[in-house]
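A.B. asks: no letters, just coordinates:
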């Protein structure tokens, strides 16, 4: 969906390496692990950071997220002088953010 390369790493822990772009492109590589506890309930307060992904067109990516089985949990909102953002759930009910930079947002 985001053009990332995700590969399972060898070892006893379920871990996937995430490559977000080529070495000369902006981005932060990372990893994904299996949740180590119960699935959060819909009304549970967020008690951790939310991974937020920068995208060139928020509306386009919100449509893609829904097409792939994700859900929008907080509709598109402005951040003055920064851009537009929304929160979503993936198919395993992990929350994440998507943001479109736009310094002209008022």
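C.D. replies: Received, thanks. Since the model is a prediction, treat every value here as computed from it, not as a measurement. Numbering: from 1, shown residues only.
A.B. asks: please enumerate the helices of this structure.
C.D. replies: Taking DSSP state H to define them, one finds helices in the chain at 58-67.
A.B. asks: and the contacts of the lowest-mean-pLDDT helix or strand in the chain?
C.D. replies: Lowest by mean pLDDT, DSSP states H and E among the helices and strands of the chain is strand 30-33, with a mean of 83. Under the contact criterion Cβ atoms under 8 Å, 6 or more residues apart in numbering, strand 30-33 has outside partners 6, 9, 13, 14, 15, 16, 17, 18, 20. The way it works is simple: take the backbone N, C-alpha and C, and place the C-beta from them, glycine included.
A.B. asks: and the furthest pair within these?
C.D. replies: For the contacts of strand 30-33, the farthest-apart pair by Cβ to Cβ is 13 and 20; their separation is 21.1 Å.
A.B. asks: the two: which has the busier surroundings?
C.D. replies: residue 20 (17 against 8; other Cβ atoms under 10 Å).
A.B. asks: give the contact list for the more buried one.
C.D. replies: 2, 4, 27, 28, 29, 30.
A.B. asks: just give me the closest of those to residue 42.
C.D. replies: Among the contacts of residue 20, residue 2 lies closest to residue 42 (Cβ to Cβ), at 24.8 Å.
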